[in-house]
Each structure stands twice: as C-alpha cells, then as structure tokens.
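[1] pasting the sequence and the predicted coordinates here, then a few questions.
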Amino acid sequence: MDLILVNLIDGLVTGLLLFMLSAGLTLIFSMMGVLNFAHASFYMLGAYFAYQISIALGFWMGLLIAPIIVGVLGAGVERYGLRRVHQYGHVPELIFTFGLALLIEELVQFIWGKNQMPYDVPDILNFTAFAISGNSIPAYKIFMIFTSIAIFVGLLYVLTKTRVGMIIQAALSYPRTVEALGHNVPLIFMGVFGVGTALAGVAGVIAGPVLGTFPGMAFVLGSIVFVTIVIGGLGSLWGALAASLLIGWITTFAKSYNIEMENVLNAIGISTPENLSDSVFRDFWSLTSPQIADILPYILMVLILIFRPAGLFGKRSS
Amino acid sequence: MTDQITTDPSKAAQRMRAGSMTLTLAPWVIASVALAILPMVFTNNSALTIMNQMSITIIFALAYNMLLGQGGMLSFGHAVYAGVGGFACMHIMNMSDFFASFPLVILPLFGGLFGMGLAMIVGSFSTRSAGTVFAMISLGVGELIAACSVIIVAFFGGEEGISGDRTYAQPFFGVEFLQQIEVYYLTAAWVVASAALMYLWSRTPVGRMANAVRDNPERAQFLGYSSRWVRFYSFVASGFFAGVAGGLFAINYEILTEENLNTASSGVILLVTFLGGVGFFFGPIIGAIAFTLLQTVLSLSTELWAFYAGVLFLATVMFFPGGFAGLIMMHVPAFRLGKARLLIMPYFKTLLPGAIGLLGLAALVEMTFHYRHAATGDNEMTIFWTTFDSHAILPWIIAGAITVIGLGIAKKTAPALKEAWDEASTLGGVS
C-alpha cells in the first residue's frame, strides 16, 4: 500500500512534467495542424539556459528568465521559419521541425559540449519533505507537482475565462473569421507558439536538475511527448492531461513491479514450454515489465491509433 | 513539390521521349556504364567502401521516396524495414545448409521479401490515412521495433547485433565474394536493377495513382480508387526495396546492430531524400551521393559535420523545398530557351563570393568550437591547410573579413542574378 502511494507520487511527477510539454505541443498543433518535432528541443534549451543563468543569478532567476528566452526563440522560429515553410504544405513543415530538432541538438553540443551539466536542485529545496514508511519524498518533487498544477490552472483560466483566451480559441477554429473581425491572427499564432515553447522551457528548467541536463535529454523525452498527445487526442488539452498522467503512472508502475511474462502466460492458462532455452520465443517468455516499461507508451499509441484514431479525448477526425 | 515535366508533342525531341525507348533508356545505360567504370578510376579500398555505402543509400532513399515523394506519406521509422530485411539476411547467412544452396547474388531478394512482409503487417493498419497520423504510427512502430531489438535477443542479437560470413554461399560462376570489388559489382547490379524497377513502378497505373492520392485523396476516391489500398501498395513496394537495401547492407558489412533500426537512421534517410529532392525520381540518387560524400569527407575533417548537415537540411527545407533535383530542374527552361549562357556570369559573380563567405563563416564556427572545447594549452588548430593559434586575434579578423566581404559581394550581386534569371527563363527578348 505504501509502495503504491510512493509510485503514485512518482508517476504524478512524471505525468505532470510530460503534461507541461504536451500542453504546449497540443496547443501548437490545434493552432497550425503541425506537430512540432522540435518541442522537446525547446525543453532542452530551457534546461541549458536555466543552468547558465543559475550560475550567475541563482535558480529562481533561471526559472523566471530561461522560459522567457525560450519563448522568444520559439516565437522567432515561428515567425521566420515555420511561416515561411507553411506555404509549401504540411509535410515540409513537419520535416522543418524535425530538422530543427536535429540542429538544436547539434547546437547544444557545440556550445556546451557532450557532457552532463552540473545543474542541481537549489539548496532551499534540497530536503526531504516527508517519508512514507521509509521511502523519502524529496521536497523538489512536491515543488514540481505544484508548479505544474499552477501552470495548468493558469493556462486553463487564461484560455477559458479571459478575452485573450477567447480570441485564441476562436482563432484556432476559425482563423479567417477572426481575422475578418480585425484581430491580428498571425500575431496570435506567433504568440501561442511562443507561449507553448516557453511552457516547454519551464518544464526543462524544473526537470533539468532531476533528469539531468545533457544533449540527449530532448531525444529521451521527445518522442514520448508526441505519443502523449496522440493518445490524448491531437489538439485536446484535457486529453493531453489524461494521457500524460496515464503514461506517467503506467511507466512508473511497470518499472517498480517486476511482473514476468511467464507468470502472466501461466495465469491465463498457457503452460511454459519444456525446453525454453531452445525455443524461438524464449525472449518473449522471459520478458519482464521493467524491460518493456519504456516501450509501453508506444504500444499504447499504436493500439489507440488502430482502434480509436482520434485519441482518447480527440474530436477532430483524422 | 514540383511535378514531372509534361511533354510537348509539337517538339520533335519530346515526341521521341514520349514514344520511343531510346531516349528514356539513355540515362540508364550511362549510369550502368559509369557504375562499371568507376572502380577502375577509384581503385583503392576506401573509395570502394564509400561507393558501396552510396549504392545502398541510393536504393534505400529511392525506396523512401516511393513513400514521401510519390505517395506523400512521411515516415519516421523507415529504417525498420531495411533493418529487418538485413537481419533476416543475416540469419539466412548463418543457416549454413540453406545459405550454401543458392548464390549470394539473390540474398537481397530475401531481405526484400522480409521487408515487404513487415510492411504488409504494419501497412495493413498504418496506411488508412496519410499525413500526421501515418507519420505518428510510423514513428511509434519504428520506436517499438528499435526498442525490441534490445529485448528480443534471439532475432536482433541484443546490444552487439548479429554477424555472419557472406562467403559461405554457393559460388556464383566461381566468384566467392571475398573481395570488396566483387561485392561492389553485386551492389551496383542491384542498384541498377532496383532503380529501374522502382522507376517502372512509378510508371504503372498503381504508381500513377499514388501521385493522385498524394495530391487529392478525395478526388481519387471519387474516381473509384481506394486511396487506402493505393497507399498500401506503395508502402509494401517501398518496404520491399528498403529490405533489399538492408540485405545489401548485410552483405557489405556482414554485421547488423540496433543502429540499423533506430530513429536516427530513419531520420538520416529522410534527410538524404529531402536534400536530393522529393519531386523527381532521380532526386534521392543525387541526395544519397551528396550525403554520403558529405558524411565521409566532412566527418574526416571536422567534428561538426552533423551540425553543417543540419544547417544544410534546414536551409533546403526553407529555401529550396525541391532539393538538389529541384534546383537542377529549375534550369531546364533556361536551357530549352537557349539562354543558359546568360546565367554563367551572374552565377560566377554571386555564388563564388557567396561560397567563399560561407567558408569564412565555417572557419569562424570551427575556431569558436576549438576555442571553447580544445584541451587547455592546445591553442594550435588547422583549417584549410593553414595552422595558427586559435587564441590570437589576427586569424579571427581574417576569417571575419573573408566572411563579411564574401557574403557582402554575394548580397550586392544577388539582384543582378535575379534579373538575369528572369531574363533567361522567360520567352522572348534578345538572347
């Protein structure tokens, strides 16, 4: 029971972190209809900028400034890169963001080198918040949870309750009409792109100390983020939240409980073959859940795409 | 993405092209002869290795373009089909009795069949829609199979991959493929055969319908074609040729690892194909040749080659979505109008300073990299055959000046180039 609680908290941290990335990505997708492959790269940039700033000004200034820089960069990419490529169609746009992701990774290696940066949890948060029967929960995890929730609530408030949010939502569905009403739609698009990437930047700033700040960090999380928004339903904020939490919990639980395929198969009535070590399926029989924890999201995504292509909460038909 | 040039029956040369086989055969004959002669020009082993690599990449890129260029399907996991084909070939190589019963020459065929088999399974659900959903499924399946390679050790060999020996096959007219040059001719033969088959495929009604479905699936449906099945056929054919490429990889390197399957390899093939140009059949060929050269030559001389490749790729997507092939085909009207020579001088005036300026920029980048990452005390660096101290101010000034002046001249002469371009590619006026 205690272990379940600890895993629930761990999964929540992972899930909310994923959500901060997928929220921005899904906003950008519903706006332009294009998956931003470079989204996780902005997350990485957030971590690196925050590290650089934290050397000079401390962690909190990093948390404040780094996302702004990332957001401005993102807006610049939209304004000078994507808008240009947009005229060629959707596939070149996807390819553009894909290339951008490659380039940002190379750029980060160029500036900061290939090693992990010593970007650490600030001292003020470096203590144990509480313990559940011997499993200590660091305060930083609680901080991550609250930051993510605060951002989600703020985002939801802005999008649904304020005038700006209304205009954005309208521009997502009927850009032409909103433009005809006198709003600067390209500016809105640029702004949403900037805010989306800034959110990814925030995620990077707070994840950098825990998950490590290294050039591969975008790659590690990048494809999982797409998986998340595809599972949740492209363009759906609630779907992104649900899918993020789902993935966070599935992977955490799969890693902490060692479920063996042999036991599962025996339980459903298939007996272990006699000479297992010679069998072609020996690897299949010896599968364990920690082994496949990292590919579970992909399996889930493929299944979702086959059986419910719109995703869990998606409305838009493919 | 530009379409094929339409033929104009009023011109004799084009009437020939539309009707007879002589003109359409010419490039194939030239390419085959060139492939046969090349190893006599570049005799050393490293050149042979590069050319083998190139040939394999050509087949793979052409197969990829069957999806991206001709079918409009963007795949982020196409390395999987080549990889699985390669792994299957590797296992066949290790089945000594079966492997000894046929010549090595037909081994890639098995790779192709396995790639095709996998493509049939995946394609049965992934080709229902194109666009983002297809791209996402391809990414998911790609990641899945790449991750499986570490888990399913029996087939993929885990971390160290699996290796074999190609020479155990039945000798082919006495050739045992011990030497690199023999493998080269095998690969070259497969390149010509596969490229020809893929070209012919693009001329069949299925290939033509793939274009139609790419451009307007709804209308294709109204004409009575199921866009899903058209996509499925392209996908399966593409999987077959990707598997052939994988089989050739197995023959050439005699080892396959997880690296042949992962997303990075899939990304590279996308890069190659797009650089070459997806709008034309020969685009991926140019892309494969250029990229392999870039990779081998540049990676020998700089650590930053992936960075340059990334910049080149982004610049291509942003400014020349037609790729190299698109750039080349842009000049066809000028040649046809007989005004191509108008372009020579403006090109010379703009591109040469531009290239020099870019080289200066690259020098600056290299110097910055050296300044930041070289071991302390190691101040000497060598670029463009000159050795100097990267911490001194003078080289920075020189490189900066070259960059500014080169790019400045290019910028200044660019309007003249544009004028000449407009002049050369429009009808009428003095030529």
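    Okay, I see it.
[2] which parts of the stretch 51-200 of chain A sit against chain B?
    Counting by C-beta under 8 Å from any C-beta of the partner chain, the residues of the stretch 51-200 of chain A close to chain B are A:81, A:84-85, A:88-92, A:94-96, A:98-100, A:102-103, A:106-107, A:109-111, A:113. (Each C-beta comes from the backbone N, C-alpha and C, glycine too.)
[3] for the buried ones among the residues you listed, write the corresponding ChimeraX selection.
    For the buried members of these, the matching ChimeraX selection, counting by 16 or more other C-beta atoms under 10 Å in any protein chain shown, is:
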select /A:81,85,88,90,91,92,94,95,96,98,99,100,102,103,106,107,109,110
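[4] in strands, which of the residues of the stretch 51-200 of chain A next to chain B fall?
    Using DSSP state E, no member of those sits in strands.
[5] quickly note the distance from the residue nearest to the spatial centre of chain B to A:Thr160.
    Nearest residue to the geometric centre of chain B (C-alpha atoms, centre = their mean): B:Ala288, 3.1 Å. According to C-beta to C-beta, to the nearest Å, B:Ala288 and A:Thr160 sit 51 Å apart.
[6] repeat that for B:Ala210.
    44 Å.
[7] higher neighbour count, those two?
    Shown here are B:Ala210 and A:Thr160; by other C-beta atoms under 10 Å in any protein chain shown, B:Ala210 has more neighbours (29 against 11).
[8] the more buried one touches B:Arg231, doesn't it?
    Yes: when contacts are counted by C-beta atoms under 8 Å, B:Ala210 is listed as touching B:Arg231 (7.4 Å).
[9] overlap in contacts, the two.
    B:Gly71 (C-beta atoms under 8 Å, 6 or more residues apart in numbering or on different chains).
[10] quick one: B:Thr387 is in a strand?
    Yes: assessed with DSSP: H, G, I helix; E, B strand; the rest coil, B:Thr387 lies in a strand.
[11] surely B:Thr350 and B:Ala410 touch.
    Yes: with contact defined as C-beta under 8 Å, B:Thr350 counts as touching B:Ala410 (5.2 Å).
[12] so where do the strands sit in chain B?
    B:162-163, B:255-256, B:380-383, B:386-389.
[13] strands paired with the first one, and their directions?
    Each strand pairing with strand B:162-163, determined using DSSP bridges, is listed with its direction: strand B:255-256 (antiparallel).
[14] now the partner strand: average pLDDT?
    Averaged across strand B:255-256, pLDDT comes to 86.
[15] now do it: distance to the chain's middle.
    A distance of 21 Å separates the centroid of the chain from that of strand B:255-256, by C-alpha atoms, centre = their mean, to the nearest Å.
[16] neighbouring contacts of that strand?
    B:83, B:86-87, B:90, B:157, B:161-164, B:246, B:249-250.
[17] and if we set it to 7 Å?
    B:83, B:86-87, B:90, B:161-163, B:249-250 (C-beta atoms under 7 Å, 6 or more residues apart in numbering or on different chains).
[18] again with stretch A:103-113
    A:38, A:41, A:44-45, A:48, A:215, A:218, B:304, B:306-307, B:310-311, B:314, B:369, B:373.
[19] B:Met318 and chain A, how far apart?
    With distances taken as C-beta to the nearest C-beta, to the nearest Å, B:Met318 is found 6 Å from chain A.
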